[in-house]
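**Q** turn this into a structure:
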Amino acid sequence: MTFNCGLLPKGEATDQLAELVAERIWPGGGHTFGICRAIAVVDGDQLAAGLIYHNYDPDAGVVEISAAAWIKGWLTRPVLSVMYGYPFNSVGCQAVVQRVSDEDTAQHRMLTAYGFDRYRIPRLRGPAAAENLFVLTREAWAGNNLRRLARERAAQRKAADGR
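**A** Purely as a prediction, here's the structure:
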């Protein structure tokens, strides 16, 4: 499988993907993201995942990312590059926030490995449920191992091509 992704235009396409992602995260909950931007991840003509950028605070330089997937294996290195490149490079954010339940330990491991700091806040999901806020700063993103490996591979390819 080869996954492609791209920023959707503001308006109907973004709103539709945001609705799909919200329904996937909170089935039947009627949640919305409000003003947001969206990136669609596709495999051919099939929607693999949706990335929603919301709760943007331009003064603080912070945006929240929520995502949902319909096809496994979508979170590839190129998709990660676009996923975090958009808020840091295109929007100019200094930090990205992702919310994760206590039960999603796989996502805890992945985000921690990617350079996020975790903050567990009791009762943020309700009286009996904590919320984990994962924060990735621009500096942590720029220095993480996946980006370093990508830079090293690009330099090796460039050297092999004689450039």
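
**Q** and Arg99, what are its bridge partners?
**A** Note on Arg99: beta-bridge partners by DSSP bridges are Leu133.

**Q** quick one: residues contacting it.
**A** 64, 66, 131-134 (CB atoms under 8 Å, 6 or more residues apart in numbering). Every C-beta, even on glycine, is put in place using the N, C-alpha and C of the backbone.

**Q** now the closest residue in space to Ile39 that isn't next to it in sequence, what's its secondary structure?
**A** Leaving aside its chain neighbours, Ile39 sits nearest to Leu51 (4.2 Å; criterion: CB to CB, 6 or more residues apart in numbering). With DSSP: H, G, I helix; E, B strand; the rest coil as the basis, Leu51 sits in strand.

**Q** thought Leu51 was touching Met83?
**A** Yes: counting by CB atoms under 8 Å, Leu51 touches Met83, with 5.7 Å between them.

**Q** need the residues touching each of the two.
**A** Shared contacts of Leu51 and Met83, defined by CB under 8 Å, 6+ apart, are found at 5, 39, 65, 67.

**Q** what helix or strand is the last one located in?
**A** Ala67 belongs to strand 62-69 when assigned by DSSP states H and E.

**Q** for that strand, the distance to its chain's centre please.
**A** Centroid separation for strand 62-69 versus its chain: 5 Å, with CA atoms, centre = their mean, to the nearest Å.

**Q** neighbouring strands - and their directions - for that strand?
**A** Here strand 62-69 has these sheet partners by DSSP bridges: strand 46-57 (antiparallel), strand 95-101 (parallel).
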